[in-house]
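I'll drop the sequence and a predicted model, then ask my questions.
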Amino acid sequence: MNRIGRRGFLAAGMLGAAGLGDLLRARGTGGPDTACIFVWLGGGPSQLETYDMKPDAPADFRGEFRPIKTAVPGIEICEHLPRQAMVADRFSLIRSCAHSSDGHENGTQHFLTGKKPARPNDKESEHPDPGAVFKKLHPAARRPVPGYVSLNCGGFEYGGPGYLGNTCKPFAVRHDTNHPRFAVHSLSVAGERGRFDDRLALRRSFETARREAEPVMDVMDDHGREAARILTGPDAERAFQLWREPGRVREKYGRTRCGQDFLLARRLVEHGVGFVTVDFRAVEGALAHTWDDHATGWNIFEQMKLRLPVFDRALAALIEDLHARGLDKRVLLVVTGEFGRTPRIAISEGRPGRDHYSGAMSILVSGGGMEMGLVVGSTTSKGEGPKDRPLTPSDFLATVYGFLGIDPGRMMAGPGGRPLPLLDGGVPIKELMGT
């Protein structure tokens, strides 16, 4: 990786902050003071081993795990999610969303844009994902911090800003948040040149950058200067300082990268970041670094036994924290992957697994001022597809956009200025709205 020094950052990085400057130019046109934490379970988590179990189905459908009761009568989830079971009254499940794109690339793009890709194997989306749309349309965060941040990724893998361009990519933090000396040495637009020298100590780098930025900012317009101050200001520095969290809080989330990523996401929205993506896949000691649980790679049940407890602890802590701190009205938490897994278990060389399946999936939502303790929709007895209340990715996205103050029916300026609909249809999910 090429590294540039502090002055190089100020010469190129401040100009690279143009994306944030563009965001600031939109000030006054955004929605209310809302935020979204989007936990991405890349690879496609099995709904049948998490939130939509089928204990009465034949053995080659139901799998090895059993459901347990939750804090909400009538709602059951996987036995390996006991902490989430205790906070089920603070989240809702969508069980009847489905689409028709079974590959990782096209499945991700279909789910995150509501549009079936014309080119199914493209690594980056033609249309913008929700984080990019948020960055384009919303004003800067209510406090001087970046508006869109990704943790453990450069945004959604196989997603991206599409026709909105690279200025709508997130500020990416790729360092291990569970490392004892974690600090934000590199706060950068994902994939772009502008980045902090990753050898700088956090506090010293921010203080020095503030001093050295002044000559550069003199030649920038007002929006560019404001963007530069966000990147070098004390509020951004403080938002990323996990060491400020009490030890008991850090332990509650779990001293894993997953746990500390989830905790940092809470700190970021608390400090005014508007959209945070968290990519959770890897678990120490596990073979699987994805939720792509084919039989050809590993035993789905063995790997889930390693992955689910880490995920359970971190997510339950985040849900509890958002509600305890009064953030549940203005922060929407979304947990999902691009699709689910096949209802029938596949066996390869004695290993059980499930393949890609876009015909059924489960989505967890918490907060957002929405109705909690609900299950929206259901699937058939073997989990082969929606039984009632079938929903599409556009319906789900319309719900998210509506919460964020973005009209899901709006037109966007596409390539060459040609107007394109943000979504092809889609109606906000009325059950979550309490209607």
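Received the coordinates, thanks.

count of neighbours near residue 235?
Using other C-beta atoms under 10 Å, residue 235 has 14 other residues around it. (C-beta placed from N, C-alpha, C; glycine too.)

Let me fix that, I meant to ask about residue 391.
With other C-beta under 10 Å as criterion, residue 391 counts 21.

what's it in contact with, if anything?
Counting by C-beta atoms under 8 Å, 6 or more residues apart in numbering, residue 391 makes contact with 94, 96-98, 376-377, 429.

partners of it in the sheet?
Listed by DSSP bridges, the beta-bridge partners for residue 391 are residue 97.

Distance of it relative to residue 159?
Note on residue 391: its distance to residue 159, by C-beta to C-beta, to the nearest Å, is 20 Å.

re the thing from before, adding pLDDT, write the contacts of residue 391 out as CSV.
Putting these into CSV (pLDDT from 0 to 100) gives the following:
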residue, pLDDT
94, 98
96, 98
97, 98
98, 98
376, 98
377, 98
429, 98
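
Check the residues you listed and tell me the two furthest apart.
98 and 429 (14.0 Å; C-beta to C-beta).

Between these two, which is the more surrounded one?
When neighbours are counted by other C-beta under 10 Å, residue 429 comes out ahead of the other of residue 98 and residue 429, with 26 against 19.

so how far is residue 375 from the more buried one?
Residue 429 sits 12 Å away from residue 375, going by C-beta to C-beta.

Repeat that for residue 348.
Counting by C-beta to C-beta, the gap from residue 348 to residue 375 is 33 Å.

Please apply the same query to residue 405.
Using C-beta to C-beta, residue 405 is found at 27 Å from residue 375.

Which one's more surrounded, the two?
residue 375 (20 against 15).

For that one, list the residues it contacts.
75, 92-93, 95.

The same query, at a cut-off of 6 Å, please.
Neighbour list for residue 375: 75, 93 [criterion: C-beta atoms under 6 Å, 6 or more residues apart in numbering].

so how many other residues sit close to residue 251?
Neighbour tally, residue 251, other C-beta under 10 Å: 13.

wait, residue 320
17.

ok, it to residue 83 distance?
Applying C-beta to C-beta, the value for residue 320 to residue 83 is 9 Å.

again, but for residue 376
From residue 376 to residue 83 the distance is 22 Å (C-beta to C-beta).

Could you give the number of residues near residue 301?
Residue 301 has 18 nearby residues by other C-beta under 10 Å.

my bad, should have said residue 292
When neighbours are counted by other C-beta under 10 Å, residue 292 registers 21.

In the stretch 201-350 of the chain, where is pLDDT below threshold?
Residue ranges of the stretch 201-350 of the chain with pLDDT under 70: 201-233.

That one: strands as residue ranges?
In the stretch 201-350 of the chain, the strands defined using DSSP state E, counting those that start in this stretch lie at 275-279, 331-336, 340-341, 346-348.

For the stretch 1-150 of the chain, which segments are assigned as helices?
Counting by DSSP state H, counting those that start in this stretch, the stretch 1-150 of the chain has these helices, from start to end: 6-8, 14-16, 18-25, 59-62, 82-86, 104-113, 130-137.
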